[in-house]
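J.: Kindly generate the corresponding structure for this input.
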Amino acid sequence: MELPRGVVSFLFTDIEASTSLARTLGDRYRGVLEDHRRLIRGAVATAGGHEIDCRADEYFAVFADTDAAAQAAISAQLALRSHDWPEGGAPRVRMGIHAGEAELDDGNYVGLEVHRASRVCSAATGGQILLSSAARSTIEGVGLSFADLGEQRLPGFGERERIFQILHDDLPGEFAPPVPSSSEKGLAMRVVIADDSVLLREGIAKLLEDAGFEVAGQSGTADDLLLKVRSYKPDVAIIDIRMPPTQTDEGLRAAKEIRERHPDVGVLVLSQYVEAGYAMELLQGSAEGVGYLLKDRVADVSEFADAVRRVAEGGSALDPTVVSRLVGRRRGEDPLDALTPREREVLELMAEGRSNQAIAEKLVVTARAVEKHVTSIFTKLGLPASAEDHRRVLAVITYLNA
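T.: Coordinates of the predicted model:
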């Protein structure tokens, strides 16, 4: 069946607190997840919708009109409520509907309106169905009633969006207020993960979810990663350098394309080995929102999560082993010889992307002492000091690569 074009209605769903539910249910979670998918799929198919994507606890469907999307959402919530779930295992599914125009790309919908629909879903509470103002204005369903929840700021959108809730006699009507945006409530950063190893991919996803991140998508190939980035507009993409089909540099090339086409998306590349040349290739032009780590670093959850946050916020995160390899290179009349051992330590931590305060904590010295070392380093290397950490990283690394 041909997918609808023009102005269409998007339905996004996901399970609220899915990580906690999976931990509670253990081996039983797989069955709950499968039943939840089956019930939603049945409601979408009955309403004439088209399934676009289904991964983990998230589901994305599209409809030719908003009435059909609303009917599918209501039917799905009713089916979920009446299903016989295991004790303590009833999933609380939140749903969001938005109407807008999006581009079809190889069987998937991409564009800002898809991103907006996903954000409407993220604002909901488990068991709730939310509508954007565009969806509300296009719905014609007789007998449907709505609650006006007022204007909300959706993550990633400057303007406020008026949000409505669908009311139904057999569904709860009272919920907590819509989840505020990141500017109002430190909303979780969104990440997509690309690695052809399902086990590693799932492991990273779980670590990041437990650390407070939202895993918006997972990919096993570079092409699918680029599609996920276009569709979900994450804060950062975490990418394995070696991916199918050649297992060489597909991930690196995808990372460079993301930096070129989606400059607001941070890129954190993972590698099994030290490949300094790849690191320098990734850093060409700018070190803003860039990271390069060895996969072993994932085991240190706190450090890894901190690196992801730095990259998402426009900073940088370079693996200490890679930095040491660069800093440790010997050249004729090497200006690094002029640095003291402590200044060399500070330089390596600077190149990793750490702030002065973070360096001070790492070396157990005062921030003032670090500032003096930084000033001395730039003087000895003939580099102009900058208050912006990512710019000084770029200056140092570019100089080391000269």
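
J.: contacts and neighbour counts: CA atoms only from here.
T.: Will do.

J.: Is R5 within a helix or a strand, and which one?
T.: R5 belongs to no helix or strand when elements are defined using DSSP states H and E.

J.: Next up, the contacts around it.
T.: For R5, the contacting residues are A64, E101, A102, L104, by C-alpha atoms under 8 Å, 6 or more residues apart in numbering.

J.: quick one, phi psi at the first one?
T.: A64 has phi and psi values of phi -70, psi -30 when expressed as degrees, to the nearest 10.

J.: hang on, isn't it packed against V8?
T.: Yes: contact criterion C-alpha atoms under 8 Å: A64 and V8 qualify, at 5.2 Å.

J.: Show me where the stretch 201-350 of the chain has its strands.
T.: With DSSP state E, counting those that start in this stretch, the ranges of strands along the stretch 201-350 of the chain come out as 214-219, 236-240, 266-271, 290-294, 316-318.

J.: hey, C-alpha coordinates of the first one in CSV?
T.: In CSV, the C-alpha atoms belonging to strand 214-219 read as follows (Å, rounded to 0.1, in the frame of the first residue of the first chain):
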residue,chain,number,x,y,z
GLU,A,214,17.2,9.3,26.0
VAL,A,215,18.2,6.8,23.4
ALA,A,216,16.3,8.0,20.4
GLY,A,217,17.5,5.3,18.0
GLN,A,218,19.9,2.5,17.2
SER,A,219,21.5,1.6,13.9
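
J.: quick one: E140 is in a strand?
T.: No: secondary structure of E140 (DSSP: H, G, I helix; E, B strand; the rest coil): coil, not part of a strand.

J.: Now do the end-to-end distance for stretch 62-70.
T.: 11 Å (C-alpha to C-alpha, to the nearest Å).

J.: what residues does it touch?
T.: Outside stretch 62-70, the residues that reach it (C-alpha under 8 Å, 6+ apart) are 4-5, 7-11, 44, 47-52, 97-99, 135, 138-141, 166.

J.: I'd like the mean pLDDT over it, please.
T.: In this model, stretch 62-70 has a mean pLDDT of 95.

J.: What average pLDDT does stretch 230-247 get?
T.: Mean predicted lDDT for stretch 230-247 stands at 88.

J.: Any idea how far that stretch is from the middle of the chain?
T.: Centroid separation between stretch 230-247 and its chain, computed with C-alpha atoms, centre = their mean, to the nearest Å, is 11 Å.

J.: For it, buried residues please.
T.: Buried positions in stretch 230-247, judged by neighbour count with 16 or more other C-alpha atoms under 10 Å: 230-243.

J.: got it, and stretch 53-63?
T.: Buried, per 16+ other C-alpha under 10 Å, within stretch 53-63: C54, A56, D57, E58, Y59, F60, A61, V62, F63.

J.: So what pairs up with the last one in the strands?
T.: I take that to be F63. In this entry, F63 is beta-bridged to S9, by DSSP bridges.

J.: quick thing: my sequence starts at 890, can you match it?
T.: New numbering, starting at 890: the last item is F952.

J.: Of the buried residues of stretch 1119-1136, which is the nearest to V1187?
T.: I1127 (11.3 Å; C-alpha to C-alpha).

J.: Tell me the confidence at the residue lying closest to G1203 once chain neighbours are set aside?
T.: Excluding its sequence neighbours, the residue lying closest to G1203 (C-alpha to C-alpha, 6 or more residues apart in numbering) is G1178, at 3.9 Å. Confidence at G1178, expressed as pLDDT, is 79.

J.: which of the buried residues of stretch 1119-1136 lies closest to F1035?
T.: So of these, ranked by how close each gets to F1035 (C-alpha to C-alpha), first place is Y1121, at 27.4 Å.
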